[in-house]
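Asks: sequence first, then the predicted structure, then my questions.
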Amino acid sequence: MTDDHFRQEVRRFIAAELPHDMAARTLLGYHPHRPDVEFWTARLHARGWSAMSWPVEYGGPGWTLNQRHIFEEECFLAGCPAVNPQAFALVGPIIYALGTEAQKQRFLPPILRGEHFWAQGFSEPNAGSDLASLKTRAVLDSDHYVVNGQKIWTSEAHYCDWIFLLVRTSTEGKPQAGISFLLADLKSPGITIRPIIGIDGGHILNEVFLEDVRVPAENLIGEENRGWTYAKQLLGAERTHSAEVPRCKGLLARAKAVAAKLSARGRPLIGDPHFARRFAQLEIEILAHEATLWRCVAEEEAGVNIGSPTPSILKVKGTELAQRAGAMLVEALGDDALPEYPEKDYFMTPPPDAPGDSLAYGAVPDFLYRRAMTIYGGSNEVQRNIIASQLLRA
Amino acid sequence: MPIQFIPTEVQTMLRDCLRRWGAERDVREAGDFAQTWKFAAEQGWLMAGLPEDLGGLGGDACDMAVIAEEFGRALVRAPYVEVAVATTLLSALAADRIAAIVGGKAIALLAHDEPDARGDHGWVSTTAVADGDGWLLSGRKSGIIGAGHADSFLVTARLGDGGIALFEVTAATAPLQRFVTFDNRTAADLRLNNTRATMLAGPELTSPALAAALDQRLILEAAEALGAMERAQEITRDYLLTRKQYGHIIGTFQALRHRIADMFIETEQARSIIQRGLGALADGDPAARALMASAVKARVAQAALFVCGNAIQLHGGIGVTDEYPVGHFYKRALAFDQRHGGSARQVERFAELSARA
């Protein structure tokens, strides 16, 4: 099947299966709502498409890397709720690559069906970019680990079912050496989840406190004290995952729609040459970034490495361009960007007497929340360190 | 047609050969033009990307881009890109002229830009008036790189009815105002004043072929600039690993490490969009090609100025000397940015074309 045919097939599927109201509210840009994500994951699962990057034997669709990017882009631009990323992109691949047969049987099917949502328990108050200095302890007590400590910035933990944790099981050797990878049920006694309200006014982030939490030893991934290696493997698995191309394109398209609809001094903003040129400049930079992603995909699929684009480049460029595209959207909204459009009032049905244009709802909250993009997943400064180390390896 | 990201075997061999040749050159020196051009012809570089039935090697502009990039790395002064563009134009309009050019025996150059055009591809105020069995051209054609080596000029001029046709002016009769560019290339303006010319193609044939050639020119010049920035970045990398200050090699300082990381990121953005532009060139849809050619020029100029400018900055004082190579790469990048109306014009053109789409 050609890529164009594949794209058409994805579009037909979305047109047939995605409810219009769900698409509309997803496109606003507020945080995901679990019922929508559950619904859409189940629809995808019924078609065998919920785990786009997984191998066929574990329930993946067997797509090429290029097809996955097409699928991701079509879903994003059409307003499909995103499947739980921690489950599908992070812990799922770790479980099928390193888990025991029993772990695979137990954990993978509920992820595929959209029944289990997972949270990522990596960061701690004093272990952000310097993740290896994490302090949450796990001590083996016969057939259970007893876990004590605190995780932070835990996205979606308040509506997740499970959490995968990096915990310290040894203080000997280098800090990286004593870390293990544990899977814990978020309903376990001793786990307390406290919301962190973001600068967007929304709730996606949490603190997770662990106090004498008993985690069955059978929930250890791989070997004790090798968790750091696994986590690094996990973060490097999806080389092209953080390029954010669909988000960049989606934000540009929305900014363009706003600039065509709203006027500036009596004519559509898009007709203002100064705005049009700055918009063009950003669009050009996004075209170059997208081509870099395609190049990565082509090289990976051909199994060659002719040198250059590292995942770090895609992460740095993708997140910085997405932030600029968001800023362009906010700018285009003009005065209509100023009212607060709280998620609780605007997500399902906007109030009839809402101020501002409907294209404005959710735009600023999303822009504000996405300041985090250049911080999470290894801050862009860390990414530049990685690039420099590769370049300056004498 | 999918974009060709993975080089063909032929392209890899071509690149290796050019890289070895270029590595022996001193980027600060002009070198001997005749020797360079003879070697290029012998190696078949002038035939690359041209149809086999016209004496070319087959392939497409991707092959030309490989040569342009390597010429850029070595800062070769010879007008490879300029000749490749003229040859592509001739292959559509006057194929009988090709054999002598690809054999290295003749050089034709496009004379289209005018000072007033500022990158507007359709801006031609040079006039053509019929005179017996020939034509008389009047007007000023600017910024013709390598003009001193040309045997003929492919000149665009407006007919009485407003159409733009393509003419040939031989070097013997061409009124050249010669100069050396700030990046040390020989060049000239054509000061046409009832200068005798023959018509190669009328407006109907000229229009699509010229549009394609001008877009191709933007992309091949960008490939040349990519070569320059690659090399400037490599020299800078080596410098960061050897130069010591405060008791440490300066490549250990995070501010400088982040800067070279950004230089690398920019270089890769440039490489990617050039490949995308070459894909649009091969696809042949004129609207998409024009849009992408503008994007290529704009993005690559932005990257080239950043990379070569920071190559100077990271070197400190030695970077602004004539003796040290990085400044020469910067000058090439600046000239690339400046030509054909500058990169800002291409952002503007991209915006205009987007609004029309």
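Replies: Received the coordinates, thanks. Treat the numbers as computed from the prediction; the structure is a model and nothing was measured.
Asks: can you pull the pLDDT of the closest residue to B:Ala222 other than its chain neighbours?
Replies: The shortest distance from B:Ala222 to any non-neighbouring residue, by Cβ to Cβ, 6 or more residues apart in numbering or on different chains, is to B:Val300 (3.9 Å). Using the backbone N, CA and C atoms, a C-beta is placed for each residue, glycine as well. Predicted confidence (pLDDT) for B:Val300: 98.
Asks: so B:Val300 sits in a strand?
Replies: No - counting by DSSP: H, G, I helix; E, B strand; the rest coil, B:Val300 is not part of a strand but helix.
Asks: give me every residue that touches A:Asp357.
Replies: If a contact means Cβ atoms under 8 Å, 6 or more residues apart in numbering or on different chains, then A:Asp357 has A:258, A:261-262, A:333, A:336 as its contacts.
Asks: of those - the most surrounded one?
Replies: The most neighbours of any of the contacts of A:Asp357, using other Cβ atoms under 10 Å in any protein chain shown, belong to A:Val258, which has 25 neighbours.
Asks: could you check how far it is from A:His289?
Replies: A:Val258 sits at a distance of 22 Å from A:His289 (criterion: Cβ to Cβ, to the nearest Å).
Asks: do B:Glu266 as well
Replies: From B:Glu266 to A:His289 the distance is 11 Å (Cβ to Cβ).
Asks: neighbour count: those two, which is higher?
Replies: When neighbours are counted by other Cβ under 10 Å, B:Glu266 and A:His289 differ, and A:His289 comes out ahead with 28 against 24.
Asks: now do the SS call for that one.
Replies: Quick answer, by three-state DSSP: A:His289 is helix.
Asks: pretty sure it sits against A:Thr319.
Replies: No - between A:His289 and A:Thr319 there is no contact under Cβ atoms under 8 Å: 10.4 Å.
Asks: whichever strand or helix holds A:Arg247 close to chain B?
Replies: If you go by DSSP states H and E, A:Arg247 is part of helix A:245-261. No - using Cβ under 8 Å from any Cβ of the partner chain, helix A:245-261 stays clear of chain B, coming no nearer than 8.9 Å.
Asks: may I see the buried residues of that helix?
Replies: A:245-252, A:254-256, A:258-259 (16 or more other Cβ atoms under 10 Å in any protein chain shown).
Asks: ok, so of the residues you listed, who is nearest B:Arg15?
Replies: Closest approach to B:Arg15 among the buried residues of helix A:245-261 (Cβ to Cβ): A:Val245, at 28.6 Å.
Asks: what packs against the lengthiest strand in chain B?
Replies: Under DSSP state E, the strand in chain B containing the largest number of residues is strand B:186-201. Applying 3 or more Cβ pairs under 8 Å, 6 or more residues apart in numbering or on different chains; DSSP states H and E, we find strand B:186-201 packed against helix B:80-93, strand B:127-131, strand B:134-145, strand B:152-158, strand B:164-170, strand B:176-180.
Asks: quick one: which of these is nearest B:Asp337?
Replies: Of those, nearest to B:Asp337 by Cβ to Cβ is strand B:134-145, at 13.1 Å.
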